[in-house]
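K.L.:
what's the 3D shape of this:
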Amino acid sequence: MSEKPRHAPLTQFAIVDDELTLGGIRLTQLAAQVGQTPFYAYDREAMSSRVRELRETLPEGVSIHYAMKANPMPAVVDHMATLVDGLDVASLGELRVALDSGTPAAEISFAGPGKGDSELRGAVAAGITLNLESAGELERVVGIGEQLGIVPRVAVRVNPDFELKSSGMKMSGGPKPFGIDAEQVPDVLHRIAECGAHFRGLHIFSGSQNLRAESLIEAQNATFELACRLADDAPSKMEMLNIGGGFGIPYFPGEQRLDLGPVSENLQARLEEYAERLGGTELVIELGRYLVAEAGIYVCEVIDRKVSRGQTYLITNGGLHHHLAASGNFGQIIRKNYPVVTAHRVAQGPRESVSVVGPLCTPLDILADKMELGTAEVGDLIVVLQSGAYGYTASPHLFLSHPAPVQVLV
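P.N.:
Now for the predicted structure:
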């Protein structure tokens, strides 16, 4: 019988006396410091370390932008702003947080397929770069710029005719609400020239959450080729080319970490190949999940323990209303377990197969299904790892009117 696949080794947090620590603080102590469960906690040093690793791996001169939608907590954004070269927002609310971080407007961009007029007005007034998602959005931006007496700064988000294969979420290829179809982009570029908007460049984002270096390399090669083709119709030299990200992290049993070495080597080769045509163009890699997901945890408390027809259940005060992704209801087709541990019994001591469920009146409220965990009793803490991205803000906190969790950065 083959061995069941296991989660990839997770070493971002130190284990002291078999207890998980975050920011050098034991989890039981951190819970007392926070003053309540459930809560999310994020480790600033884990984020800093991830950005340092990227700087050391990626070709020199490549800019790193943080996509705030992954985790827009103001304290997290303030910290990330000191590490990266720019921020990417997806709403007016995120824009306010980005500006509050002290990030210069010139280093902020705004993407999203359905920007309202108030959002466009705020973005134009702030002087950030708007990633245009349609020809109609361009006309609205131009009109707002005329009303405000401000020349809008725009880039064109392209829906390419290829996709990022093996990605967790495909954002391109075929009909999509995101971006402007590649074959329509030349007309939009000509219109930008006519209306006098400040053309910044192109945003070509083909997918996310990819763990296969060969897929990322294939998409990057196609991206460079497409960008150079479209540059022939640009109203001016491209100031920047945002090639998106797509770098994935391991969540589920059997997944292996992305090897960034080949991706970086290929990127260096493409920069050299296209140096003449794209020389002077800032190359931007936009990452969200990859920068913050592994730096965060979700912590809840066991409030009951029961056995039902041979299956042990740990019932906690946390669940899908706080962490929709871990419950399997945020993009998973077949539910798989996030890495989950008992806070004070991570790898040693007695262990048992249990299911961790929340307090909600729905069978969907599952945080771990038949996982082997350190034995936990009422009052013990259960930790969901890989929770720094798309956890807190992607969850339905109002479902069944239970209290919301808190967030801390340590």
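
K.L.:
Now do residue 165, the pLDDT please.
P.N.:
On pLDDT, residue 165 comes in at 52.

K.L.:
Equivalent analysis for the one 3 residues further on, please.
P.N.:
What the model reports for residue 168 is a pLDDT of 46.

K.L.:
List the contacts of residue 42.
P.N.:
Counting by CB atoms under 8 Å, 6 or more residues apart in numbering, residue 42 touches 71, 73, 76, 292, 295-296, 388, 407-410. Every residue, glycine included, has its C-beta placed from N, CA and C.

K.L.:
And the next helix or strand past the helix or strand hosting residue 130?
P.N.:
Using DSSP states H and E, residue 130 maps to strand 129-132. With elements assigned by DSSP H and E, the helix or strand that comes after strand 129-132 is helix 135-148.

K.L.:
Residue 327 - how many residues pack around it?
P.N.:
26 (other CB atoms under 10 Å).

K.L.:
Can you tell me the SS state at it?
P.N.:
coil (DSSP: H, G, I helix; E, B strand; the rest coil).

K.L.:
How about residues contacting the strand holding residue 130?
P.N.:
106, 108-111, 115, 120, 123-124, 137-138, 141, 152-157, 180, 188, 200, 203, 242.

K.L.:
Out of those residues, which end up buried?
P.N.:
Buried by 16 or more other CB atoms under 10 Å: 108-111, 115, 120, 123-124, 137-138, 141, 152-157, 180, 188, 200, 203, 242, out of the contacts of strand 129-132.

K.L.:
could you pull out the helices for the stretch 251-400 of the chain?
P.N.:
Taking DSSP state H, counting those that start in this stretch as the criterion, the stretch 251-400 of the chain carries its helices at 260-273, 275-278, 289-292.

K.L.:
what's the weakest-modelled helix or strand in this protein?
P.N.:
Every helix and strand in the chain was compared by mean pLDDT, DSSP states H and E; the lowest is strand 169-170, with a mean of 48.

K.L.:
How far does the helix or strand that that one is followed by sit from its chain's centre?
P.N.:
Downstream of strand 169-170, the first helix or strand assigned by DSSP H and E is strand 180-181. In terms of CA atoms, centre = their mean, to the nearest Å, the centre of strand 180-181 is set 23 Å apart from its chain centre.

K.L.:
helices or strands next to strand 180-181 in the packing?
P.N.:
strand 153-159 (3 or more CB pairs under 8 Å, 6 or more residues apart in numbering; DSSP states H and E).

K.L.:
Convert the strand it packs on to PDB, retaining C-alpha atoms only.
P.N.:
Listed next in PDB are the C-alpha coordinates belonging to strand 153-159 (Å, rounded to 0.1, in the frame of the first residue of the first chain):
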ATOM      1  CA  ARG A 153      -1.900  57.700 -15.900                       C
ATOM      2  CA  VAL A 154      -3.000  54.500 -17.600                       C
ATOM      3  CA  ALA A 155      -1.700  51.000 -18.500                       C
ATOM      4  CA  VAL A 156      -3.600  48.400 -20.600                       C
ATOM      5  CA  ARG A 157      -4.400  45.100 -18.900                       C
ATOM      6  CA  VAL A 158      -4.200  42.500 -21.700                       C
ATOM      7  CA  ASN A 159      -6.200  39.300 -21.900                       C
END
